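S.K.: sequence and predicted structure, then a few things I'm wondering about:
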4 protein chains.
Amino acid sequence: MSVNKVILVGNVGKDPEVRHLDSGVAVANFPLATSESYNSKSGERVTTTEWHNIVLWRGLAEVAEKYVTKGRQLYIEGRIRTRSYDDKDGNKRYITEIYGDQMTMLGTRADNQGSSEQGGATQNSGSKSTPQVSEPDIEEPEGDEDLPF
Amino acid sequence: MSVNKVILVGNVGKDPEVRHLDSGVAVANFPLATSESYNSKSGERVTTTEWHNIVLWRGLAEVAEKYVTKGRQLYIEGRIRTRSYDDKDGNKRYITEIYGDQMTMLGTRADNQGSSEQGGATQNSGSKSTPQVSEPDIEEPEGDEDLPF
Amino acid sequence: MSVNKVILVGNVGKDPEVRHLDSGVAVANFPLATSESYNSKSGERVTTTEWHNIVLWRGLAEVAEKYVTKGRQLYIEGRIRTRSYDDKDGNKRYITEIYGDQMTMLGTRADNQGSSEQGGATQNSGSKSTPQVSEPDIEEPEGDEDLPF
Amino acid sequence: MSVNKVILVGNVGKDPEVRHLDSGVAVANFPLATSESYNSKSGERVTTTEWHNIVLWRGLAEVAEKYVTKGRQLYIEGRIRTRSYDDKDGNKRYITEIYGDQMTMLGTRADNQGSSEQGGATQNSGSKSTPQVSEPDIEEPEGDEDLPF
DNA sequence: TTTT
DNA sequence: TTTT
């Protein structure tokens, strides 16, 4: 009876960290930046950046491992999840993450690799550079508890 | 160059707290619950609830003050914002909030008030019980009729 | 490499028509109304209604058959699809439809049935009146061509 | 009491046609393609393309006039609107359009211009190549700093 | 009519 | 920590 949906277009802040759980399930984590600009009262242009903690599971994590790199522009659709953990001092802390259910690579390869032999709008051929992917299904990301975050 | 969008349909956990800043600007805060169900490996039906910290400004805050109450089912569209603050021990803490840009009251009055004289699908008359509102914008693209398509 | 997403909250205009294809696949069709209000230049409050042609497949169609009725308030998430057909005069015509991938019943039962023994915000017990459902997966709605629209 | 929202990421099919109404209001029209791939029953990879009729007003139309060109990858957020018109034979016809409320240019300039002196991830400097824009609204919730959370 |  |  409810909806929890997030849609982000932003830039990857660091190369993903990908773990493979004992169960064989892959999990990827990386930060994604979105930014907003507005004119302050005093007239300057102000830009603020928001950092999102992206978490991808299974197939999406594997795609991230292969194709997602720092600087990449991505579309991510997913849901918000806040979880608690104990910090080194035994205090309960909270962290909010975005569990991605859908991911689309934006821009072309030239854009994102800096290899730069080619700068046009055409996508690189062969090696299916940047697939669009989604979660296999509505399978729940269980086994979550196994993760030593 | 980026997008930070959240869409929620959930139930209000507590009556909003509404503050009026010195500037006259109103700010409302309240928790909104979304829930998800899935079948665990062991076969039971598991429901997890996610709590979202909703923040509304100005006109939306004023609408919340008047119409949003505990239990209410709402549609909220907004953006994610994580801010830091120092806790009582001087430690830096983070909290993630949803700044609402658009809000729609769901269900009918009977639904949400329990007064219940009337249960049909028709909306309550008079007193425009549950207005739909958004941040200032909403300039209508009129003049449409002028177009010689 | 692309995204085609629609999010609607509106009211069902007519009870769904549900067909069962030879393959056993169910398909449901019904209109959903969304409305917008704004103040015209001349100062009156103007409300315009938009009608969306909703199409649901398989499990979602079956849920619609059981639970979706005229007047019901629904959340629908899906994608836009425009298809052509030949009208009685042999002219090519186009129709745009929303293929729903996700559906959530809004409001409570009292709201939507008019039976009205109960009007509070609590959901009906037992018989899990209004389930939230989604497409089994990314299975393509093939067999579409079989439909005598 | 309703929501009519569309989110698209796709490629511009033709340079926009921009009109300036007598009132001074600008209107831009262009097609945007989104595509979907899936594996058919017979095992081949099938890609279908959906064409969306984008309509932008005022400031957004002016941005489109300056920056949107054929091939460009765009994020568009808006709403569905179906309108009728009479065709040359006097028959009533319908067309469904997407009225854009928000637009974001995706990829970098190198991506979209083919000028190609440069292929890396860095955006072109100067001439603020690809602004992100939205309909008039966007009043910032400043005064935030005043809040004694 | 785009893009991969 | 990204990007413009």
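M.R.: Great, that's in hand. Residues are numbered from 1 along each chain as shown, chains lettered A, B, ... in the order given.

S.K.: partners of the residue positioned nearest the centre of chain A in the sheet?
M.R.: Central residue of chain A (Cα atoms, centre = their mean): A:Ile54, 4.0 Å from the mean position. The partner list for A:Ile54 in beta bridges (DSSP bridges) reads A:Phe30, A:Ile98.

S.K.: isn't it right next to A:Ile76, touching?
M.R.: Yes. Judged on Cβ atoms under 8 Å, A:Ile54 makes contact with A:Ile76 at a distance of 6.1 Å. Every C-beta, even on glycine, is put in place using the N, C-alpha and C of the backbone.

S.K.: now the residue nearest to the centre of chain A: how far from chain D?
M.R.: Counting by Cβ to the nearest Cβ, to the nearest Å, the gap from A:Ile54 to chain D is 17 Å.

S.K.: what does chain A put close to DNA strand F?
M.R.: A:10-14, A:31, A:33, A:35, A:47, A:49, A:51, A:70-71, A:73 (Cβ under 7 Å from any atom of the strand).

S.K.: could you pull out the buried residues of the longest helix anywhere in chain A?
M.R.: If you go by DSSP state H, chain A has its longest helix at helix A:58-67. Using 16 or more other Cβ atoms under 10 Å in any protein chain shown as the test for burial, helix A:58-67 gives A:Arg58, A:Leu60, A:Ala61, A:Glu62, A:Val63, A:Ala64, A:Glu65, A:Tyr67.

S.K.: give the next helix or strand downstream of it.
M.R.: Where DSSP states H and E defines the elements, the next helix or strand beyond helix A:58-67 is strand A:73-86.

S.K.: re the thing from before, mean confidence for the longest helix of chain A?
M.R.: Mean pLDDT, taken over the full extent of helix A:58-67, equals 96.

S.K.: what's the closest of the residues of chain A next to DNA strand F to C:Gln102?
M.R.: Looking at the residues of chain A next to DNA strand F and their distance to C:Gln102, the nearest is A:Gly10, at 23.6 Å (Cβ to Cβ).

S.K.: count the residues that sit near the closest one.
M.R.: 25 (other Cβ atoms under 10 Å in any protein chain shown).

S.K.: show me what it is bridged to.
M.R.: In this structure, A:Gly10 has beta-bridge partners A:Leu74, where bridges are defined by DSSP bridges.

S.K.: looks like it contacts A:Leu32 (just checking).
M.R.: Yes. Here A:Gly10 lies in contact with A:Leu32, judged by Cβ under 8 Å, at a distance of 4.5 Å.

S.K.: between those two, which contacts overlap?
M.R.: Listed contacts common to A:Gly10 and A:Leu32 are A:His52, A:Leu74, A:Ile76; contacts here mean Cβ atoms under 8 Å, 6 or more residues apart in numbering or on different chains.

S.K.: need those residues in TSV (columns: neighbour count and distance to A:Asn4).
M.R.: Rendered in TSV, the data for the shared contacts of A:Gly10 and A:Leu32 read as follows (neighbours: other Cβ atoms under 10 Å in any protein chain shown; distance: Cβ to Cβ, whole Å):
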residue	neighbour count	distance to A:Asn4
A:His52	25	15
A:Leu74	23	20
A:Ile76	23	14
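
S.K.: stretch A:35-51: which residues count as buried?
M.R.: Buried residues in stretch A:35-51, counting neighbours by 16+ other Cβ under 10 Å, are found at A:Glu36, A:Glu50.

S.K.: measure the residue of chain A positioned farthest from its centre to B:Tyr99 for me?
M.R.: Among the C-alpha atoms of chain A, the one farthest from their average position, using Cα atoms, centre = their mean, is that of A:Ser42, at 34.6 Å. Distance of A:Ser42 to B:Tyr99, given as Cβ to Cβ, to the nearest Å: 22 Å.

S.K.: now A:Gln73
M.R.: Between A:Gln73 and B:Tyr99 the distance is 23 Å, computed by Cβ to Cβ.

S.K.: neighbour count winner among these two?
M.R.: Just comparing A:Gln73 and B:Tyr99: by other Cβ under 10 Å the higher neighbour count belongs to A:Gln73, 23 against 20.

S.K.: tell me the contacts of the more buried one?
M.R.: Counting by Cβ under 8 Å, 6+ apart, A:Gln73 touches A:Val9, A:Gly10, A:Asn11, A:Val12, A:Met105, A:Leu106, A:Gly107, A:Asp111, A:Asn112, D:Leu106, D:Gly107.

S.K.: what is the burial count for the residue nearest to A:Gln73 when sequence neighbours are not counted?
M.R.: Here the nearest residue to A:Gln73 in space, its sequence neighbours aside, is A:Leu106; by Cβ to Cβ, 6 or more residues apart in numbering or on different chains that works out to 4.2 Å. Residue crowding around A:Leu106 was assessed by other Cβ under 10 Å; the count is 24.

S.K.: would you agree A:Leu106 is in contact with A:Leu74?
M.R.: Yes. Look at A:Leu106 against A:Leu74 with Cβ under 8 Å: they come within range, at 6.2 Å.

S.K.: mind listing the shared neighbours of the two?
M.R.: Applying Cβ under 8 Å, 6+ apart, one finds that A:Leu106 and A:Leu74 are jointly contacted by A:Val9.

S.K.: tell me, please, the helix or strand in chain A that averages the lowest pLDDT.
M.R.: helix A:109-113 (a mean of 45; mean pLDDT, DSSP states H and E).

S.K.: ok, the residue lying closest to A:Ser2 once chain neighbours are set aside - contacts?
M.R.: Counting by Cβ to Cβ, 6+ apart, A:Ser2 lies nearest to B:Thr34, which is 4.0 Å off, once chain neighbours are set aside. By Cβ under 8 Å, 6+ apart, B:Thr34 lies in contact with A:Ser2, A:Val3, A:Asn4, B:Leu8, B:Val9, B:Gly10, B:Thr49, B:Glu50, B:His52.

S.K.: with pLDDT added, can I get the residues you listed in CSV?
M.R.: CSV is the format used below for those (pLDDT from 0 to 100):
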residue, pLDDT
A:Ser2, 96
A:Val3, 98
A:Asn4, 98
B:Leu8, 98
B:Val9, 98
B:Gly10, 97
B:Thr49, 97
B:Glu50, 98
B:His52, 98
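
S.K.: need these in JSON lines (columns: secondary structure and distance to D:Ser134).
M.R.: Conversion of these to JSON lines gives the following (DSSP: H, G, I helix; E, B strand; the rest coil; distance: Cβ to Cβ, whole Å):
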{"residue": "A:Ser2", "secondary structure": "coil", "distance to D:Ser134": "27"}
{"residue": "A:Val3", "secondary structure": "strand", "distance to D:Ser134": "23"}
{"residue": "A:Asn4", "secondary structure": "strand", "distance to D:Ser134": "24"}
{"residue": "B:Leu8", "secondary structure": "strand", "distance to D:Ser134": "21"}
{"residue": "B:Val9", "secondary structure": "strand", "distance to D:Ser134": "23"}
{"residue": "B:Gly10", "secondary structure": "strand", "distance to D:Ser134": "26"}
{"residue": "B:Thr49", "secondary structure": "strand", "distance to D:Ser134": "33"}
{"residue": "B:Glu50", "secondary structure": "strand", "distance to D:Ser134": "28"}
{"residue": "B:His52", "secondary structure": "strand", "distance to D:Ser134": "23"}
